[in-house]
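return atomic coordinates for the entry below.
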Amino acid sequence: MTNTADAEGVRLQKVLANAGVASRRVCEQYIVEGRIRVNGEVVTELGRRIDPASDLVDVDGTAIQLDTTKRYVMLNKPTGVVSSMKDEQGRPDLRRFTKDWDERLYNVGRLDAETSGLLVLTNDGELAHVLAHPSFGVTKVYIAKVTGRVTAQTIAQLTAGVDLEDGPIAADKARLLDTSGGTSLVELTLHSGRNRIVRRMMAAVGHPVLDLVRRQFGPLHLGTLPAGRARELTTVERGALLTVARQAAPTPPGDS
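Predicted structure coming up:
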């Protein structure tokens with residue numbers, strides 16, 4: 001940053017306190033201890049001023065949200081709802097879940113209509129683009145209820161790779177959670193963004209999906225959020241999500 005920007009900016013400890021990191025006095029202690037970075041560089045001077053609109057700040061490696069106009073919402077999308085803010089065919093869409101927020105929120109990526117689980121809604125277009133971009137490949141964890149009794153050999157095949165019509169694919173991780181009554185529960189961890197990938201993988205190994213839930217998206221966990229409910233991310237969750245996004249797109253805003 002230039003000297004002019006330093007003179008015109010806001011004191012770093014004030015910005016951190018306003019962002020809810022800690023009290024201003026504790027934030028000053030963090031600065032002195034070298035725990036704060038601005039645009040990737042450690043800052044230890046209490047007089048440092050920054051521009052909250054453009055500078056990227058992290059504490060102990062975790063990104064801090066400085067722009068309070070941005071909203072980050074977790075939705076447990078129920079089945080039967082399409083991942084769109086307006087469906088041209090008139091099917092149930094995501095608008096019903098965004099009424100509690102004044103901002104226009106958009107979904108990060110998609111879930112099939114018949115798939116339930118974790119979907120992120122935000123008005124942060126830059127973050128949404130990075131996290132949904134196939135080249136980044138954010139990790140997702142699914143639990144699939146499938147037909148038949150899945151064996152250890154099938155689990156090994158899922159991680160070794162299966163051939164699909166659009167090329168081979170392998171799960172990052174796969175494990176059998178339960179098998180009973182002619183069905184099995186399988187947990188799959190993937191970073192692929194291919195369409196209907198879990199359903200196609202399980203069909204390819206002879207176990208069509210009966211029910212599919214996405215439990216995790218990057219650092220976010222669905223937890224006990226009921227189907228059809230949405231909530232804002234906690235400070236810790238926002239920090240984790242922003243950290244992942246910044247690692248994927250390290251260039252400062254405006255440089256891309």
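
report the buried residues of stretch 74-82.
Neighbour counts over stretch 74-82 (16 or more other C-beta atoms under 10 Å) mark 74-77, 79, 81-82 as buried. All C-beta spots, glycine's among them, are computed from the backbone N, C-alpha and C.

again but with stretch 169-187, I slipped
169, 171, 174, 183-187.

hey, which helix or strand in the protein has the poorest pLDDT?
Each helix and strand of the chain was given a mean pLDDT (mean pLDDT, DSSP states H and E); the minimum falls on helix 3-8 at a mean of 53.

mean confidence for whichever helix or strand comes after that one?
Sequence-wise, the next helix or strand downstream of helix 3-8 (DSSP states H and E) is strand 10-11. For strand 10-11, mean pLDDT rounds to 93.

partner strands of strand 10-11 and their direction?
strand 49-50 (antiparallel) (DSSP bridges).

do I have it right that residue 15 meets residue 51?
No. Between residue 15 and residue 51 there is no contact under C-beta atoms under 8 Å: 9.2 Å.

neighbour count winner among those two?
residue 15 (23 against 15; other C-beta atoms under 10 Å).

got a pLDDT number for residue 77?
Value for residue 77, per-residue pLDDT: 98.

same check, this time on residue 254
Among the per-residue scores, residue 254 holds a pLDDT of 42.

same thing with residue 136?
Per-residue pLDDT puts residue 136 at 80.

repeat that for residue 251.
On pLDDT, residue 251 comes in at 49.

kindly reformat the buried residues of stretch 74-82 as JSON lines containing secondary structure and distance to residue 245.
Formatted as JSON lines, those follow (DSSP: H, G, I helix; E, B strand; the rest coil; distance: C-beta to C-beta, whole Å):
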{"residue": "74", "secondary structure": "strand", "distance to residue 245": "15"}
{"residue": "75", "secondary structure": "strand", "distance to residue 245": "18"}
{"residue": "76", "secondary structure": "strand", "distance to residue 245": "22"}
{"residue": "77", "secondary structure": "strand", "distance to residue 245": "21"}
{"residue": "79", "secondary structure": "coil", "distance to residue 245": "28"}
{"residue": "81", "secondary structure": "coil", "distance to residue 245": "25"}
{"residue": "82", "secondary structure": "coil", "distance to residue 245": "25"}
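
which regions of the chain lie under the pLDDT threshold?
Applying pLDDT under 70 to the chain flags the ranges 1-7, 249-256.

go with 50
Residues of the chain that meet the criterion pLDDT under 50 lie in 1-6, 251-256.

can you map out the helices along it?
3-8, 12-18, 24-32, 125-132, 152-160, 197-204, 235-248 (DSSP state H).

what's the closest of these to residue 118?
Closest of the helices of the chain to residue 118 is helix 235-248, at 11.3 Å (criterion: C-beta to C-beta).

now, which of the buried residues of stretch 169-187 sits nearest residue 36?
Looking across the buried residues of stretch 169-187 and measuring by C-beta to C-beta, the closest to residue 36 is residue 187, at 37.5 Å.

run through the bridge partners of the closest one.
Residue 187 has the following beta-bridge partners by DSSP bridges: residue 143, residue 175.
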